[in-house]
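K.L.:
Sequence below, structure please.
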Amino acid sequence: LLAVPLPGCSPLPSLPLTDFNYGADEYDAEGNEEPKALPEGSETMPYIDESPTMSPQLSARGQESGDGVSPTPTDGLGTGGERDAGKGLEMRKLVLSGFLASEEIYINQLEALLLPMKPLKATATTSQPVLTLQQIETIFYKIQDIYEIHKEFYDSLCPKVQQWDSNITMGHLFQKLASQLGVYKAFVDNYKIALETAEKCSQSNYQFQKISEELKVKGPKDSKESHTSVTMEALLYKPIDRVTRSTLVLHDLLKHTPADHPDYPLLQDALRISQNFLSSINEDIDPRRTAVTTPKGETRQLVKDGFLVELSEGSRKLRHVFLFTDVLLCAKLKKTAVGKHQQYDCKWYVPLADLVFPSPEESEHCPQVHVIPDHELEDMKMKISAIKSEVQKEKANKGQSRAIERLKKKMFENEFWLLLNSPAIPFRIHNRNGKSYLFLLSSDYERSEWREAIQKLQKKDLQAFVLSSVELQVLTGSCFKLRTVHNIPVTSNKDDDESPGLYGFLHVIVHSAKGFKQSANLYCTLEVDSFGYFVSKAKTRVFRDTTEPQWNEEFEIELEGSQSLRILCYEKCYDKTKLNKDNNEIVDKIMGKGQIQLDPQAVQTKNWHMDVIEMNGIKVEFSMKFTSRDMSLKRTPSKKQTGVFGVKISVVTKRERSKVPYIVRQCIEEVEKRGIEEVGIYRISGVATDIQALKAVFDANNKDILVMLSDMDINAIAGTLKLYFRELPEPLLTDRLYPAFMEGIALSDPAAKENCMMHLLRSLPDPNLITFLFLLEHLKRVAEKEPINKMSLHNLATVFGPTLLRPSEGETKGHLTLASDIWSHDVMAQVQVLLYYLQHPPISFTELKRNTLYFSTDV
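P.N.:
Next comes the predicted model:
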């Protein structure tokens, strides 16, 4: 035992104990032996702490058995000599000395927590409060009472231990402490709300964030360290941790107190009260444990975990990554026989003291990311959607459970492939001692969350270390019990009663943002989830040199089973030295980020719903409304026949005396002039307000159209062209021919398919056919630039197919069961039709009309 000197006392004599530690994290007995590995099949891992540091799961050890279980190994003390009363009383003194030293630390921690409370209360009544009185009351609930209880207990116990003799009694002090546990019950009941309130206040108020990140805790009187920095989150956990520690001390005091000692019945009573208290609150709170105690007695807390794709030796591997307070551990779940206890296998770990994020320049030497072509990802999404529809059909027809399970297994395999192959944003980790690791993420929001969590932990005074094989075994063994993310994020893992998410179109207007400390070049991106992962769907323009950007830009985002919307706010980086050759490297600085759930009830209204997301003291204002997929199919013919939008294509071409509408020719010409190399052209949403402005100008046949086109953002022009085709009273490939197109594309004989598909084109009205062929050649030219613009023929078919070819409203009503059904059945075929023509050698109008085919289809 490393004897801890008491304040104002001389050091205590040492006794030859292996490990003896009742203190808080900062106090530890040295000279721990390597823990012995437990026999196979044992459920208990050595050094697993039953009291976590985030989730308030408490442990009343020794409750089931009659004997109190000591947390202290007693090897070497189990002789008859220990029963000697004098030796027992000496042990009592040692137990109390260690506990008293840790009690001093605990009081200092409570003091540090209370320190900002008074100034926060003082500002609450001013014109610029940091927190409201209600928030202060919630966060600091019962801390003052707990502090006073322990200060009184410490002041009473300290002199007794300092003037120790065998007749001293202190059982009444522990009994009184146990009788005041009602205050702790109130604290525990409020604990989760206190944490959530503190977290929300940190996100929305920079001043409070600064306060809560670095609270100064006084060191013990005889310690060299005057102060240590601790987060408010960690300090709020301390009272919960303390009850468990006090109970453990009572166990050991009883063990070393003779049965005829006056303290014995009092300590027994105190232990009974404490154990009852622990078991009662254990039922009320999350039983998940989130901490491991290292062999040196330090608490290693699990802060974050989740599934990430690692690029390892050139191939993609799905890993479960665990971030602890001082180490990042990358693991994979071992394959185990049915019924066997599942465990993780550690692939690698990096102590946070050695972990660095390589800069973009440094990462040029890292392996390059092989990006899967978009069309392969889109194909897989369609396969998954088709299987989903089959599952729904089987369930509706009360099909065999074996058939449903087979389909679900196939769906899981496809979703797993998608999860593994879709991420492309690099997240690089480097160990100062040499090795680098590369994860691939689909969302910059997620990458930022991981980076911020690691950097927050690195602010503490961390030491480098190497884990022994036993320590690594213990840590990896704890991962299965500690993990917070249990399932791979695929929809086939969802329960049937879980929300399937929204299918359709989400209209979002990003209005403005406030709360920036200094002027910057600012923009926002929008992410939504689909198929189990998040993807970026839209981006505002950069608002230059401002603290209050006013974007007022509207976007239409297609939702595929989405449940959340994320908004990220960036500062644009124009420094060319920081720009990486890797296209997927995002070097712009995230200023803030936030997320909201897409509640179907709240979103599905015809009216705009206004909202605010608070992020790091920044407030972003936005509005949104949702249109379901079946509603978006409805085409509303224009009542006026003077414009071009919503007017039949034959009426427009006749009026203009043209073969292809002027709007189609002008938009295509502008895209080919300056947008053909634009990344994501036709896929990335244009600003809705710009599109509406262009629509009004084309409808009015304004003479300023060409000037306006040359000044307008190219994505808005691309969006205007798509909107024109979408608002035609009937789709370009017509309602009448829709069923025949669906049958033609399903033919398996290539010659029959060719005859049918060409015959169908010939059956179109001339204005429709000429316009379609004109658009077809344009899209082929766009796809030729795929290495630059990332738009393959398949991508373009996915964007335009459902716009040019849609079922009539009557047909839709006939077979629409689920919003997702229409996606899987119709859209797959619509995309395939357009893709067939895009991949076909050039088709000329005159050749098509001249050729007589010996095949006809009833159209």
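
K.L.:
Tell me, what's the model's pLDDT at residue 474?
P.N.:
We have a pLDDT of 84 for residue 474.

K.L.:
Report the separation between it and residue 525.
P.N.:
To residue 525, residue 474 is 42 Å away according to CB to CB, to the nearest Å. Any C-beta I mention is one placed from the backbone N, CA and C, and that applies to glycine too.

K.L.:
repeat for residue 391
P.N.:
On the measure of CB to CB, residue 391 and residue 525 end up 33 Å apart.

K.L.:
Where does the prediction get shaky in the stretch 351-500 of the chain?
P.N.:
Under the criterion pLDDT under 70, the flagged ranges of the stretch 351-500 of the chain are 360-369, 399, 492-500.

K.L.:
Which parts of it are helices?
P.N.:
Using DSSP state H, counting those that start in this stretch, the helices of the stretch 351-500 of the chain run over 374-396, 401-421, 444-458, 469-482.

K.L.:
ranges for the strands of the stretch 151-300 of the chain?
P.N.:
215-218, 227-230, 291-293, 299-312 (DSSP state E, counting those that start in this stretch).

K.L.:
out of these, which comes closest to residue 372?
P.N.:
Closest to residue 372 of the strands of the stretch 151-300 of the chain, according to CB to CB: strand 299-312, at 11.4 Å.

K.L.:
Would you give the sheet partners of that closest one, along with the direction of each?
P.N.:
Applying DSSP bridges, strand 299-312 is found paired with strand 291-293 (antiparallel), strand 315-324 (antiparallel), strand 436-441 (antiparallel).

K.L.:
Go through those strands and pick out the most buried.
P.N.:
Of those, the one with the most neighbours on average (mean count of other CB atoms under 10 Å) is strand 291-293, at a mean of 23.

K.L.:
number of nearby residues for residue 249?
P.N.:
Counted with other CB atoms under 10 Å, the neighbours of residue 249 add up to 23.

K.L.:
Quick check: pLDDT value at it.
P.N.:
The predicted local confidence for residue 249 is 83.

K.L.:
Secondary structure element holding the closest residue to it other than its chain neighbours?
P.N.:
Nearest residue to residue 249 in three dimensions, chain neighbours excluded: residue 99, at 4.9 Å (CB to CB, 6 or more residues apart in numbering). Per DSSP states H and E: residue 99 is located in helix 85-114.

K.L.:
Against which helices or strands is that helix packed?
P.N.:
helix 143-162, strand 215-218, helix 232-255 (3 or more CB pairs under 8 Å, 6 or more residues apart in numbering; DSSP states H and E).

K.L.:
And the first one, how far out from the chain middle?
P.N.:
So that's helix 143-162. When distances are taken as CA atoms, centre = their mean, to the nearest Å, helix 143-162 is centred 43 Å away from the chain's centroid.

K.L.:
angle of that helix against helix 232-255?
P.N.:
Counting by axes from the mean of the first three to the mean of the last three CA atoms, to 10 degrees, helix 143-162 lies at 40 degrees to helix 232-255.

K.L.:
isn't residue 301 right next to residue 323, touching?
P.N.:
No. Under the criterion of CB atoms under 8 Å, residue 301 makes no contact with residue 323, lying 9.7 Å away.

K.L.:
What are the structural domain limits within the protein?
P.N.:
For the chain, the TED database gives the domain ranges 84-285, 290-371+424-493, 372-415, 511-632, 643-852.

K.L.:
Over the last one, what's the mean pLDDT, rounded is fine.
P.N.:
Read that as domain 643-852. Across domain 643-852, pLDDT averages out at 87.

K.L.:
Could you list the low-pLDDT ranges of the stretch 201-350 of the chain?
P.N.:
The low-confidence ranges in the stretch 201-350 of the chain, as defined by pLDDT under 70, are 222-225, 279-298, 336-341.

K.L.:
What is the neighbour count of residue 696?
P.N.:
Residue 696 has 12 nearby residues by other CB under 10 Å.

K.L.:
Disregarding flanking residues, what is the spatial nearest neighbour of residue 522?
P.N.:
Among residues not flanking residue 522 along the chain, residue 549 sits closest, at 4.7 Å (CB to CB, 6+ apart).

K.L.:
I'd guessed that neighbour sits against residue 511; true?
P.N.:
No. Checked against CB under 8 Å, the pair residue 549 and residue 511 is beyond contact range at 9.6 Å.

K.L.:
which one of the two has more residues nearby?
P.N.:
residue 549 (25 against 16).

K.L.:
What's the separation between the more buried one and residue 689?
P.N.:
15 Å.

K.L.:
Please, where are all the strands along the stretch 601-750 of the chain?
P.N.:
Along the stretch 601-750 of the chain, counting by DSSP E, counting those that start in this stretch, strands occupy 609-615, 618-628.

K.L.:
partners of the last one, with directions?
P.N.:
Paired neighbours of strand 618-628 in the sheet (DSSP bridges): strand 502-514 (antiparallel), strand 609-615 (antiparallel).

K.L.:
re the thing from before, could you dump the strands paired with strand 299-312 into JSON lines and include distance to residue 466?
P.N.:
Putting the strands paired with strand 299-312 into JSON lines (distance: least, CB to CB, whole Å) gives the following:
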{"stretch": "strand 291-293", "distance to residue 466": "17"}
{"stretch": "strand 315-324", "distance to residue 466": "15"}
{"stretch": "strand 436-441", "distance to residue 466": "17"}
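
K.L.:
so which of these comes closest to residue 681?
P.N.:
Among the strands paired with strand 299-312, the nearest to residue 681 by CB to CB is strand 436-441 (24.5 Å).

K.L.:
Now do that closest one against helix 444-458, angle only.
P.N.:
140 degrees.

K.L.:
772 is where my numbering starts, stick with that
P.N.:
Noted, 772 is the first residue going forward, which turns the last one into strand 1207-1212.

K.L.:
and residue 1399, how far is that from residue 1012?
P.N.:
Taken as CB to CB, the span from residue 1399 to residue 1012 is 50 Å.

K.L.:
Look at these two and report which has more neighbours.
P.N.:
Set side by side, residue 1399 and residue 1012 show more neighbours around residue 1012, with 21 against 16, by other CB under 10 Å.

K.L.:
Find the one among the strands of the stretch 1372-1521 of the chain with the highest mean neighbour count.
P.N.:
Taking mean count of other CB under 10 Å, strand 1389-1399 is the most buried of the strands of the stretch 1372-1521 of the chain, at a mean of 19.

K.L.:
residues in contact with that strand?
P.N.:
Residues outside strand 1389-1399 that contact it (CB atoms under 8 Å, 6 or more residues apart in numbering) are 975, 1273-1287, 1295, 1330, 1336, 1338, 1340, 1362-1363, 1365, 1369, 1371, 1374-1384, 1590.

K.L.:
Report the buried members of the residues you listed.
P.N.:
Among those, those classed as buried by 16 or more other CB atoms under 10 Å are 975, 1273-1277, 1279-1282, 1284, 1286-1287, 1295, 1330, 1336, 1338, 1340, 1362-1363, 1365, 1369, 1374-1375, 1384, 1590.

K.L.:
Pull stretch 1537-1557 out as PDB, backbone CA atoms only.
P.N.:
Only the C-alpha atoms of stretch 1537-1557 are listed here, as PDB (Å, rounded to 0.1, in the frame of the first residue of the first chain):
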ATOM      1  CA  ASP A1537     -43.200  14.700 -83.700                       C
ATOM      2  CA  PRO A1538     -42.500  17.600 -81.200                       C
ATOM      3  CA  ASN A1539     -42.100  15.000 -78.400                       C
ATOM      4  CA  LEU A1540     -39.800  12.800 -80.400                       C
ATOM      5  CA  ILE A1541     -37.600  15.600 -81.800                       C
ATOM      6  CA  THR A1542     -37.300  17.100 -78.300                       C
ATOM      7  CA  PHE A1543     -36.400  13.700 -76.800                       C
ATOM      8  CA  LEU A1544     -33.700  13.000 -79.300                       C
ATOM      9  CA  PHE A1545     -32.300  16.500 -78.800                       C
ATOM     10  CA  LEU A1546     -32.100  16.000 -75.100                       C
ATOM     11  CA  LEU A1547     -30.700  12.500 -75.600                       C
ATOM     12  CA  GLU A1548     -27.700  13.700 -77.500                       C
ATOM     13  CA  HIS A1549     -27.100  16.500 -75.000                       C
ATOM     14  CA  LEU A1550     -27.100  14.000 -72.100                       C
ATOM     15  CA  LYS A1551     -24.600  11.800 -74.000                       C
ATOM     16  CA  ARG A1552     -22.200  14.700 -74.400                       C
ATOM     17  CA  VAL A1553     -22.500  15.500 -70.600                       C
ATOM     18  CA  ALA A1554     -21.700  11.800 -69.800                       C
ATOM     19  CA  GLU A1555     -18.500  12.000 -72.000                       C
ATOM     20  CA  LYS A1556     -17.200  14.300 -69.300                       C
ATOM     21  CA  GLU A1557     -17.900  11.800 -66.500                       C
END
